[in-house]
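Enquirer: The following block contains a protein sequence and its predicted model.
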Amino acid sequence: RKDANGFFAFPVTDNIAPMYSRIISSPMDLSTMRTKIDAGEYETFPDYRADFKLMCENAMTYNLPDTVYYKGAQKLMAAGLKMMSKV
């Protein structure tokens, strides 16, 4: 599945998510993950999976459970981890 809304496509800034950098100490997004893939920074598949989970968990930490961002992160994590379990 894709991040159809683009919520996870690029780094989150404090301009669009006030105080994000104070709440989330290790930000992660899909473009950063792509850069790490291209640079060969993932030594193992579990390293990649950990960043994927971190990205989703960050969204669920910052956003309230009733928001589209939290729910989107839940769905993306469930679908992504299910797909990764088949690798």
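Expert: Cool, got the structure. All values reported here derive from a predicted model rather than from experimental measurement.

Enquirer: If we ignore the residues flanking it in sequence, what's nearest the one residue sitting closest to the centre of the chain?
Expert: The centroid of the chain falls nearest to residue 55 when counting by CA atoms, centre = their mean (2.2 Å). Leaving aside its sequence neighbours, residue 55 sits nearest to residue 28 (CB to CB, 6 or more residues apart in numbering; 4.0 Å). Bear in mind the C-beta positions are built from the backbone N, C-alpha and C, glycine included.

Enquirer: Now do the SS call for the one you found.
Expert: The local conformation at residue 28, judged by DSSP: H, G, I helix; E, B strand; the rest coil, is coil.

Enquirer: backbone phi and psi for it, please?
Expert: Here is the backbone geometry of residue 28 (degrees, to the nearest 10): phi -150, psi 150.

Enquirer: neighbours around it, how many?
Expert: 22 (other CB atoms under 10 Å).

Enquirer: Check residue 30 too.
Expert: By other CB under 10 Å, the residues close to residue 30 number 19.

Enquirer: OK, contacts around it?
Expert: 3, 8-10, 55 (CB atoms under 8 Å, 6 or more residues apart in numbering).

Enquirer: Distance check, it against residue 22.
Expert: Note on residue 30: its distance to residue 22, by CB to CB, to the nearest Å, is 23 Å.

Enquirer: what's the closest non-adjacent residue to residue 36?
Expert: In this structure, residue 36 finds its nearest non-sequential neighbour in residue 42, 5.8 Å apart by CB to CB, 6+ apart.

Enquirer: Just the local confidence number for residue 2, please.
Expert: Residue 2 carries a pLDDT value of 68.

Enquirer: go on, the one 4 residues further on?
Expert: What the model reports as pLDDT for residue 6 is 91.

Enquirer: what's the burial count for it?
Expert: Using other CB under 10 Å, residue 6 has 9 neighbouring residues.

Enquirer: any idea how far residue 39 is from it?
Expert: 23 Å.

Enquirer: Give the full set of residues in contact with the spatially closest residue to residue 17 that is not a sequence neighbour.
Expert: Excluding the flanking residues, the one nearest residue 17 by CB to CB, 6+ apart is residue 62, at 6.4 Å. Residue 62 makes contacts with 12, 17, 20, 23-24, 69, as judged by CB under 8 Å, 6+ apart.

Enquirer: Brilliant, that's me finished.
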